[in-house]
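*Asks:* My questions are about this predicted structure, shown below with the sequence.
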Amino acid sequence: MKRICLFANILAVLAVAAQLTGCLESDDPYTAGFDFMKPVNVRTNVYANTSTDSLIMLSQGPWQITADTPDARWCTIDLMTGEGFAIYALGVHFEQNTTGQQRLVQFTVTDTNHPDKAYASWQYLQYATRGDGSFGSAALVRGIRSSDKWEVSISYDAKSRPVQMNVKSPEGTSEQYRMAYNENSATLSLTTADGTLTGAMDNGYQTDRLVGAGDTIGYAPQYYSNGMEMPISDAFSYVASRLKRTQAFAYLIDGKNLNPDNEHTADSLIYLSRWKHEAKPQTVEHYKLQYGTTDNRYQTVDVNQLLLGMDECEPLQLISMFRLCRSTSIVTRATSATGTIDVATELNADRSVRRIVVSDSRKGTEVTYDFEY
């Protein structure tokens, strides 16, 4: 918590402050009230694994903060009382939400000398899902082994964020991905053998785009044939442009609500793979997707990313570093002009995925993926 002297900072604060509620009539013979630099809206939304936020407030009189909701223990503020004629920067802390439901807390700050005249209220809404789209209680997938000899290992930090992933091919070659989350600068960095990519990070520890010296990974707009941009409510693309290979995944959403806790599935997928320096053919496939009743949010990884096999899987989508790509149900069938891909799923007692079997009629293959927790 920081208490900042009023006189040097008041003009700058008042220029950008957003007053939530509470004021006095102009003919009152005393000064009271509150102005906020943060939060800037009455409600702040956070994710199931968001750990901190901040409250920056100018108080013109002595004050006290109280919780207006019965169960506010999951959200705490560094200081609940203070003096007037000062600016306070207070830390706000959240427990991880493992309830499976959204939860809301409301606070009110009151001028203790004039409680009926000067007060301001604000709220924190915590989603049931983490920033990656999994439930706050979702099991952490630490390993995936396939019958065609691929191996994936994943490590997490205390906030259920992936910090390292290793992908080992059947030939024995390995790729390592290391993730770092700088909450002070709100940046996310990804380090691979080819270098480091960085991007701006939101309070769900997600980014829209990662950029490095030779790589760019992230969301991209869709375009109609006449070059006009398609609204993100209908479709969007995820593009991983790396030094060796470009992969693009175009998802048709068809007006579904992509708010964090809403159920949504992509109606179809267009997949493109282009190698830049190797003599491998370009791949372009159009798939119509069907889903069952199995929820895809009870484990940290996005099971649907294994639909096309590990060789075509984009690893950052597998660990849901770009949550919009994650449909909330598991695909049961993908149909293209060249055949069908069928997926059978087995679950653990906690509804996380234990095993999936992917049968591809186009290739005449059947691959089993076993998940370790």
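*Replies:* Everything's here; your move.
*Asks:* any idea which helix or strand of the chain has the worst average confidence?
*Replies:* Across the helices and strands of the chain, mean pLDDT, DSSP states H and E gives its lowest value to helix 6-16, namely a mean of 36.
*Asks:* List the buried residues in the helix or strand hosting Thr246.
*Replies:* Per DSSP states H and E, Thr246 falls inside strand 245-252. Across strand 245-252, burial judged by 16 or more other Cβ atoms under 10 Å covers 246-252. (C-beta placed from N, C-alpha, C; glycine too.)
*Asks:* Now compare those residues and name the two farthest from each other.
*Replies:* Taking Cβ to Cβ as the measure, those span a maximum distance of 20.2 Å, between Thr246 and Leu252.
*Asks:* Dump the buried residues of strand 245-252 to CSV, plus pLDDT and distance to Asn45.
*Replies:* Shown next, in CSV, are the buried residues of strand 245-252 (pLDDT from 0 to 100; distance: Cβ to Cβ, whole Å):
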residue, pLDDT, distance to Asn45
Thr246, 94, 34
Gln247, 95, 31
Ala248, 95, 30
Phe249, 96, 27
Ala250, 94, 28
Tyr251, 95, 23
Leu252, 92, 27
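*Asks:* the inter-axis angle of the next helix or strand along the chain from the strand holding Thr246 versus strand 245-252?
*Replies:* As assigned by DSSP H and E, the chain's next helix or strand after strand 245-252 is strand 268-275. Computed by axes from the mean of the first three to the mean of the last three Cα atoms, to 10 degrees, the angle separating strand 268-275 from strand 245-252 equals 170 degrees.
*Asks:* partners of strand 268-275 in the sheet?
*Replies:* According to DSSP bridges, strand 268-275 has the following sheet partners: strand 245-252 (antiparallel), strand 283-295 (antiparallel).
*Asks:* Can you show me the strands along the stretch 101-250 of the chain?
*Replies:* Secondary structure of the stretch 101-250 of the chain (DSSP state E, counting those that start in this stretch): strands at 103-111, 119-126, 143-146, 151-156, 162-168, 174-182, 187-192, 195-200, 209-211, 216-220, 222-223, 229-230, 235-241, 245-252.
*Asks:* Select, out of these, the one closest to Leu347.
*Replies:* Proximity to Leu347, assessed across those by Cβ to Cβ, is greatest for strand 143-146 (15.4 Å).
*Asks:* that older thread, with distance to Ser320 as added columns, please give the strands of the stretch 101-250 of the chain in CSV.
*Replies:* Shown next, in CSV, are the strands of the stretch 101-250 of the chain (distance: least, Cβ to Cβ, whole Å):
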stretch, distance to Ser320
strand 103-111, 22
strand 119-126, 19
strand 143-146, 14
strand 151-156, 11
strand 162-168, 8
strand 174-182, 12
strand 187-192, 13
strand 195-200, 15
strand 209-211, 14
strand 216-220, 14
strand 222-223, 21
strand 229-230, 23
strand 235-241, 11
strand 245-252, 13
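*Asks:* Of all those, which one is nearest Gly364?
*Replies:* Nearest of these to Gly364, taken as Cβ to Cβ: strand 143-146 at 16.7 Å.
*Asks:* Which neighbours in the sheet does that closest one have, and how are they oriented?
*Replies:* strand 151-156 (antiparallel), strand 365-372 (antiparallel).
*Asks:* so where is the stretch 101-250 of the chain shaky, pLDDT-wise?
*Replies:* Applying pLDDT under 70 to the stretch 101-250 of the chain flags residues 222-233.
*Asks:* still on that earlier bit, need the strands paired with strand 143-146 in JSON lines (columns: mean neighbour count).
*Replies:* Putting those into JSON lines (neighbours: other Cβ atoms under 10 Å) gives the following:
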{"stretch": "strand 151-156", "mean neighbour count": "18"}
{"stretch": "strand 365-372", "mean neighbour count": "16"}
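*Asks:* Is it possible to get CSV of the ones you listed that adds distance to Thr173?
*Replies:* What follows is these, written out as CSV (distance: least, Cβ to Cβ, whole Å):
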stretch, distance to Thr173
strand 151-156, 11
strand 365-372, 19
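*Asks:* Can you tell me which of those strands is nearest to Asp71?
*Replies:* Nearest to Asp71 among the strands paired with strand 143-146 is strand 151-156 (27.4 Å), distances taken as Cβ to Cβ.
*Asks:* Quick one: work out the angle between that closest one and strand 162-168.
*Replies:* Using the same axes, to 10 degrees: strand 151-156 against strand 162-168 is 170 degrees.
*Asks:* Could I get the CA-only coordinates of strand 151-156 as PDB?
*Replies:* The C-alpha trace of strand 151-156 is given here as PDB (Å, rounded to 0.1, in the frame of the first residue of the first chain):
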ATOM      1  CA  GLU A 151       5.400 -37.200 -25.900                       C
ATOM      2  CA  VAL A 152       4.400 -33.900 -24.300                       C
ATOM      3  CA  SER A 153       5.300 -32.700 -20.800                       C
ATOM      4  CA  ILE A 154       4.000 -29.500 -19.200                       C
ATOM      5  CA  SER A 155       4.900 -27.700 -16.000                       C
ATOM      6  CA  TYR A 156       2.800 -25.100 -14.200                       C
END
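*Asks:* What confidence value was assigned to Lys276?
*Replies:* At Lys276, the model reports a pLDDT of 84.
*Asks:* And it, how far from Ser237?
*Replies:* Using Cβ to Cβ, to the nearest Å, we find Lys276 at a distance of 18 Å from Ser237.
*Asks:* dump the residue contacts of the residue nearest to Phe249 when sequence neighbours are not counted.
*Replies:* What sits nearest to Phe249 in space, not counting adjacent residues and going by Cβ to Cβ, 6 or more residues apart in numbering, is Tyr238, at 4.7 Å. Counting by Cβ atoms under 8 Å, 6 or more residues apart in numbering, Tyr238 makes contact with 218-220, 248-249, 251, 314, 317, 322, 324-325.
*Asks:* before we move on, the earlier item: would you tell me which of the strands of the stretch 101-250 of the chain gets closest to Thr368?
*Replies:* strand 143-146 (6.7 Å).
*Asks:* All set now, cheers.
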